[in-house]
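Visitor: coords below, sequence missing:
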């Protein structure tokens, strides 16, 4: 597991460069930043981290592997990546990492955020039957994770909550009750150390849901049968966090 000190002068300098870089990208393409500032900061941190580790601003939502002795991102995603420019933003309004979007997407997302704040309230706890249905969903939101953690504390349901962000992100704050850290950058090594059962319920989360969705597909291909994903990542989670 590679650990980078986010408080080091080297990282802070690289972070400033990453912010200037994303500012330039937004202006160059006429895009907007995501209205959720936490998303943008997380991606900028990932770009800074990858520049320090690999000398290139690889997309932080995809694995970087050694190919012929050189680092290479899945699908050759170097920010701003070709799939985002040619397909994702023109077709869906937002890039895979969700930092860059069209002005229209940004405006609609601001409206959605206001609606979500009004809609999601907890009026009661879950029944055991509801727990079983919920824990087997492929995609979950922050309120559903909160309810499942509360139910798990009451021994009403069993599952493992796994963080696939990087060590420095975990230090900044992770969901209270998370059972393991399996960073995407050292996924296979730390997955073995986490000792997860292929038949148990496992819920993954990352910053905005992109890395965890990617890792969910990998686990499914490896034979893990009950994988859930926190759709919009820890930035959408309103429950308790700890450092």
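Guide: Received it, and whenever you're ready, just let me know what you need. As the structure is a computational prediction, the values presented were derived from the model and not from experiment.

Visitor: ok, and what's touching the longest helix along the chain?
Guide: Using DSSP state H to assign secondary structure, the helix with the most residues in the chain is helix 9-29. Outside of helix 9-29, the residues that reach it under the criterion CB atoms under 8 Å, 6 or more residues apart in numbering are 4-6, 31-33, 40, 43-45, 47-49, 51-52, 57, 79-80, 85, 89, 99-100. For every residue, glycine as well, the C-beta is placed using N, CA and C.

Visitor: and the next element down the chain from the lowest-mean-pLDDT helix or strand in the chain?
Guide: Taking mean pLDDT, DSSP states H and E as the measure, helix 103-119 is the helix or strand of the chain with the lowest mean score, a mean of 74. Past helix 103-119, heading to the C-terminal end, the next element that is a helix or strand (DSSP states H and E) is helix 128-135.

Visitor: Check the offset of whichever helix or strand comes after that next one from the chain's centre.
Guide: Tracing the chain past helix 128-135, the next element assigned as helix or strand by DSSP H and E is strand 139-140. For strand 139-140, the distance between its averaged C-alpha position and the chain's averaged C-alpha position is 13 Å (CA atoms, centre = their mean, to the nearest Å).

Visitor: repeat for stretch 143-155
Guide: Between the mean C-alpha point of stretch 143-155 and the mean C-alpha point of its chain there is a distance of 20 Å (CA atoms, centre = their mean).

Visitor: In it, which residues are buried?
Guide: Within stretch 143-155, the residues that qualify as buried by neighbour count (16 or more other CB atoms under 10 Å) are 143-152.

Visitor: Low-confidence ranges, the chain, go.
Guide: Under the criterion of pLDDT under 70, the regions of the chain flagged as low confidence span 1, 114-124.

Visitor: Can you give me the domain assignment for it?
Guide: Domain assignment of the chain by automatic domain parsing yields the ranges 9-117, 128-242.

Visitor: Can you give me the first-to-last residue distance of the last one?
Guide: Meaning domain 128-242. Terminal residues of domain 128-242 are spaced 27 Å apart (CA to CA, to the nearest Å).

Visitor: buried residues in the longest helix of the chain?
Guide: The neighbour-count check on helix 9-29 (16+ other CB under 10 Å) flags 11, 14-15, 18-19, 21-22, 25-26 as buried.

Visitor: picking that back up, can you put the buried residues of stretch 143-155 in a markdown table and add secondary structure and distance to residue 169?
Guide: Output for the buried residues of stretch 143-155, formatted as a markdown table (DSSP: H, G, I helix; E, B strand; the rest coil; distance: CB to CB, whole Å):
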| residue | secondary structure | distance to residue 169 |
| --- | --- | --- |
| 143 | helix | 22 |
| 144 | helix | 22 |
| 145 | helix | 17 |
| 146 | helix | 20 |
| 147 | helix | 24 |
| 148 | helix | 22 |
| 149 | helix | 19 |
| 150 | helix | 24 |
| 151 | helix | 26 |
| 152 | helix | 23 |
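
Visitor: biggest separation within the residues you listed, which pair?
Guide: Put simply, by CB to CB the two of the buried residues of stretch 143-155 set farthest apart are 143 and 152, 15.0 Å from each other.

Visitor: any idea how far residue 102 is from the closest residue to residue 85 other than its chain neighbours?
Guide: Closest residue in space to residue 85, ignoring its immediate chain neighbours: residue 29 at 7.3 Å, by CB to CB, 6 or more residues apart in numbering. The spacing between residue 29 and residue 102, counted by CB to CB, to the nearest Å, is 10 Å.
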